[in-house]
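# attaching a predicted model along with its sequence, questions to come.
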Amino acid sequence: MVEMSDLSRRMGMENKRREKRIKEENKLICEIISCNNNLKHKKIFYTLTKDISLGGVNIRTDTFLPIDTVVKIELCVPKMQKIVWVKGKVKWAKSLYGDEVFEMGLEFVDTSPHVITSLIGHLYSK
């Protein structure tokens with residue numbers, strides 16, 4: 001008998017996520033802090049989350065960001081009734097809809113204990 005985890009690994013669908021992830025569409029404001037390339041587009045842009053975890057956020061945006069780009073994110077934490085600022089680093093990116101929309105995975109970096117506490121409250125409260 002093949003276990004589901006063995007099957008998903010064979011199909012290249014292994015889940016590398018370490019934390020609980022919740023699907024939610026939430027507005028974000030992102031400001032590019034550092035980038036290896038000279039970006040010719042806006043430094044501040046608006047986007048939507050697809051899902052979020054304690055370790056990072058999945059976003060969809062019309063602004064392409066190269067891997068390792070660092071952004072400052074204004075994140076609304078509705079269950080805690082707070083807005084927090086957190087840094088995120090682009091870990092992966094893929095093009096959707098003919099390079100008009102991009103989906104990206106941002107890993108939270110240099111996260112303060114205050115922000116971590118707010119995210120835990122948001123993710124694990126009922």
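Received, thanks.
# all contacts plus neighbour counts: C-alpha atoms, from now on.
Will do.
# where does this protein have low pLDDT?
Applying pLDDT under 70 to the chain flags the ranges 1-19, 36-42, 126.
# who touches the longest helix along it?
Across the chain, the helix with the greatest residue count (assigned by DSSP state H) is helix 113-124. Here helix 113-124 makes contact (CA atoms under 8 Å, 6 or more residues apart in numbering) with 20-22, 53-54, 77-80, 82, 84-86.
# mind doing that once more with 6 Å?
Lys79 (CA atoms under 6 Å, 6 or more residues apart in numbering).
# now swap in stretch 22-37 and tell me
Residues outside stretch 22-37 that contact it (CA under 6 Å, 6+ apart): 43-52, 69-75.
# ok, 8 Å please
43-53, 66, 68-76, 123.
# for this protein, longest strand please?
Using DSSP state E, we find that the single longest strand of the chain is strand 82-96.
# tell me the secondary structure at the residue positioned nearest the centre of the chain.
With distances taken as CA atoms, centre = their mean, the residue of the chain nearest its centroid is Val57 (2.0 Å). Following DSSP: H, G, I helix; E, B strand; the rest coil, the label given to Val57 is strand.
# where's Trp92 relative to Ser34, distance?
Distance of Trp92 to Ser34, given as CA to CA, to the nearest Å: 16 Å.
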